[in-house]
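# Kindly generate the corresponding structure for this input.
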Amino acid sequence: MSQSGEAIKIGDLAKQLGISTRTIRYYEEVGLMENGRKLANNVRHYSREDVIRLKFILKLKELGISLKEMQEIAVYYELNEKSTGKILPQLIDILDNHINNVNDKIEKLITLRKDIVEYRSRVAEYLKQNEQSSEAG
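Numbering: from 1, shown residues only. Below is the predicted model of the structure:
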């Protein structure tokens, strides 16, 4: 995006955010973003608000929010006249759910690590005993 707040071309936006133009078009197709406006040269251009929305989508993706959840947020956002104040409580609920899921996964990984360490110890002990008995024999 230029310093003056002009619209940015789809290719420049994709490059700036490290994504493909296809990704941007996909988010438009599934209703997460409005289609970029095509100007005289038939190239899609995006406003500052579009860029902010795309960055928000990418952040949600990074946090593990599903496409379906993003679509629900987008619909709710549109139904509430693009009021961020009304979607934030819903976003908090979704994030809380993801925090709980991550905590569950962490607990399972801790248990798995403990099981692997214990099993490795038993295998190493078995190996040690076999080596000792073959040396004695």
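# From now on I want contacts and neighbour counts done on CA atoms only, so please keep to that.
Noted.
# Report the strands that pair with the helix or strand bottoming out on mean pLDDT in the chain, each with its relative direction.
In the chain, no helix or strand scores lower on mean pLDDT, DSSP states H and E than strand 37-38, which sits at a mean of 77. Taking DSSP bridges as the criterion, strand 37-38 sits next to strand 44-46 (antiparallel) in its sheet.
# Give me the residues contacting the partner strand.
When contacts are defined by Cα atoms under 8 Å, 6 or more residues apart in numbering, strand 44-46 is touched by residues A7, I8, K9, I10, L13, G36, R37, K38, L39.
# quick one: that strand to chain centroid distance?
What separates the centre of strand 44-46 from the centre of its chain is 24 Å, taken as Cα atoms, centre = their mean, to the nearest Å.
# what comes into contact with stretch 87-96?
Under the criterion Cα under 8 Å, 6+ apart, residues I65, E69, I73, Y76, Y77 lie in contact with stretch 87-96.
# any idea which of those is closest to A136?
Proximity to A136 was ranked across those by Cα to Cα; first place goes to I65, at 60.1 Å.
# doesn't the closest one fall inside a helix?
No. Using DSSP: H, G, I helix; E, B strand; the rest coil, the secondary structure at I65 is coil, not a helix.
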